[in-house]
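Sharing a model that was predicted from the sequence below.
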Amino acid sequence: MLTALSAGALAEQPVGEEGKNSEKTLVPVVLFVDNDDDDDDGVPDGTETHLDGKAATDVRWLTAKELTAPRNRLRILSPTARWVADGRAVARGGVLPAHATRVGIQGLAPGRTKVLADGGGLDVSVIALEAFDAHGTRVDLAQSHASISRVLPRLLRNDTNEAADGDALRWMVIGAEDSLPDRLGIVSYRPDGSELDSLSNVELWEAPCPPGTSPGLSCRTSPYIRATVDRIDRNHPESAGRSLRAEVGGRLAVHVGEQKAASIRVGGPRNTELGPIERFRARLRVHVLRVAPGAAPAIGDTPNEAVEILRDQVDTASLLWGQCGIHFGPARDTVIQIVDPPPPHLVAIGGNLGLPASGGEIRLRIAGTPIRVPTYAGETPARVAARLARAIEAAGFTAVRSHNLRIEPGALETVDISVRVKGALATIERDGTLPPSSDPTLDVFIGNVDLADGLSHFTDYNAPAGTLEERTLVKAFADRDPSTIEVFVVPAFSGYGRVGESFLDPPGAAIQNTVIVDRAAIRAGAQSHVLAHELGHVLLDMPGHPDDFGVDQPSSLMDADATDPSIFGPRRLSIAECERALRQRGPGAPAPLLEPWPLIRGR
């Protein structure tokens, strides 16, 4: 016969068949209070009434040998645990259904209980595992989340105050002294459930129990454990024993031996002016350019290798921006295309300076078809472009107009027309030897992308509009979806020193939310994290850098010129930057790039 009693109730059993159980050998069993949320519904599993699937992860299922007694005599009288029968929780002190086929025990509170059966039984010890931040605040395993450290390890900072790392967590075990473990293991899982990192043999030492702990229980605690962004931070000798990599949307699971004791989701910072940040997603479209049609891609020897390299870059950017709870989605789902440089499909009306027309003629040939449009004195580039677009469409083509912001020395805004035929880019060329425009003041240029000598990049002079070559490249492939970020990977930039640049989202800009990086940027890797840095300009809607007019911050991801592959290099984001990203690009922004991606189902 099997029955379950608290230790006190067991001592009160009368002598007889029941009393003989006290002389039997009891197998020690350890349960952990099931106060986490394995099924991601925001409710502690120990309070669920239905325990199917992941919610039943921490239930200790009994074997057929342990269930030899009639079910109507099986009770748990201790408040430390409850029965679970066929996926349903049985109320404390309740009777198991007579025909239950699967029966288990679930921990509810720290303490001791016994489950007795003919020939033996179980001596059950229930242990609570709690997480506390550096301020001593308990972190709810079901409603809250762990977050990724944004500061250097304590002994590498000028400020050695432990509370300065508000993201680190210490783990405390609470239970009967003789059942408490002296070590923990922690495993970090990615959002898809695959293992990312782990820590073994995390030492526990005696500590005061938190207020409200039941008398007679003892407590032990771990050191503060840091969730980090990359291997360099994680493996530094100063903190390797208490750091592990983590990813927003993933989970940290704490183990005692082979038994999972508790888990917590990983999200953004818990304490900001905007409240706790869970997870937000930005979407990327990546275009890897060949230097010439049919040539090798800008990075990697083959298209497949290029795709894998860029997936790794997107993955790294997600890990770094995870400090702010921002993710770019599963790298395998990112749209990555290997593309040829576009043909000269674009004509720029107004050139660079956007001067009004003086009178003349625009003469082009599009896919062999001559196009001629007169210009008249005083016309703006926009007015001329509108008439040219109508002429192009009358010839059977599609004309896509886009206005460029006026550059600082310019008179008016200029206008680009991208021409397509049957959905494909059309080739624009001069009409014989004639220049595109005979107008003495209204410049007309045909855009051309020639990556053999590097991509011509903008300077302070033409930054609002970008160079004609940049516009010709970007406008060939961009989907004009304001909710996505376009990423272009080119073999190189022209000149020296440029490895990446970004176009933000000022009103009226023709190129928006776009990042361009080159082969050198990708190869630099952790030395400068160029892709994540340039994405930061877009997410923060910030053209400058925090050190442009202030103190140099070489450990900041957004530092202007930091190149350091060590733990002191550019990889950290501040709470202020996280808040700015959500204000500028979050759901409440005029053109949001960040969409909520809740950690908890149904939120």
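Yes, it's here.

Quick check: which element contains residue 383?
Under the criterion of DSSP states H and E, residue 383 resides in helix 381-394.

partners of the helix or strand just after that helix, with directions?
As assigned by DSSP H and E, the chain's next helix or strand after helix 381-394 is strand 398-403. Sheet pairing of strand 398-403 (DSSP bridges) gives strand 415-421 (antiparallel).

Report the distance from the partner strand to the chain centre.
Relative to its chain's centre, strand 415-421 lies at 36 Å (Cα atoms, centre = their mean, to the nearest Å).

what's the next helix or strand after that strand in contact with?
Going down the chain from strand 415-421, the next helix or strand is strand 424-425, by DSSP H and E. Strand 424-425 has contacts (Cβ atoms under 8 Å, 6 or more residues apart in numbering) with 342-343, 345, 418-419, 476. Bear in mind the C-beta positions are built from the backbone N, C-alpha and C, glycine included.

just to revisit the earlier point, now the helix holding residue 383 against strand 398-403, angle please.
On the basis of axes from the mean of the first three to the mean of the last three Cα atoms, to 10 degrees, helix 381-394 is oriented at 170 degrees to strand 398-403.

For helix 381-394, which residues meet the burial criterion?
381-389, 391-392 (16 or more other Cβ atoms under 10 Å).

can you redo those residues as CSV with pLDDT and distance to residue 112?
Formatted as CSV, these follow (pLDDT from 0 to 100; distance: Cβ to Cβ, whole Å):
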residue, pLDDT, distance to residue 112
381, 97, 83
382, 96, 81
383, 97, 87
384, 98, 87
385, 97, 82
386, 97, 83
387, 97, 88
388, 98, 86
389, 98, 82
391, 97, 89
392, 98, 84
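
what's the closest of the residues you listed to residue 103?
The closest of the buried residues of helix 381-394 to residue 103 turns out to be residue 389 (Cβ to Cβ; 75.1 Å).

out of everything not next to it in sequence, what's closest to that closest one?
Leaving aside its chain neighbours, residue 389 sits nearest to residue 399 (4.0 Å; criterion: Cβ to Cβ, 6 or more residues apart in numbering).

now swap in residue 33 and tell me
Leaving out its chain neighbours, residue 33 is closest to residue 128 (Cβ to Cβ, 6+ apart), at 4.2 Å.

Read off the pLDDT value for that neighbour.
pLDDT, residue 128: 97.

Against residue 46, how distant is it?
From residue 128 across to residue 46, the span is 10 Å (Cβ to Cβ, to the nearest Å).

shared neighbours, those two?
Shared contacts of residue 128 and residue 46, defined by Cβ under 8 Å, 6+ apart, comprise 33, 35.

Kindly provide the distance from residue 37 to residue 520.
45 Å.

Comparing these two, which shows the higher neighbour count?
Using other Cβ atoms under 10 Å as the criterion, residue 37 and residue 520 rank with residue 37 on top: 27 against 16.

right, and the more buried one touches residue 44 too?
Yes - using Cβ atoms under 8 Å, residue 37 is in contact with residue 44, at 6.1 Å.

anything in contact with each of those two?
141-142.

coming back round to it: what pLDDT is listed against the residue nearest to residue 389?
97.

And residue 10, by the same measure?
Residue-level pLDDT assigned to residue 10 equals 32.

same thing with residue 207?
96.

can you tell me how far it sits from residue 466?
Distance from residue 207 to residue 466, by Cβ to Cβ: 58 Å.

between these two, which one's more packed in?
residue 466 (26 against 16).

quick revisit: which helices and strands sit right next to the helix holding residue 383?
Helices and strands touching helix 381-394, by 3 or more Cβ pairs under 8 Å, 6 or more residues apart in numbering; DSSP states H and E, are strand 346-349, strand 360-366, strand 369-375, strand 398-403, strand 415-421.
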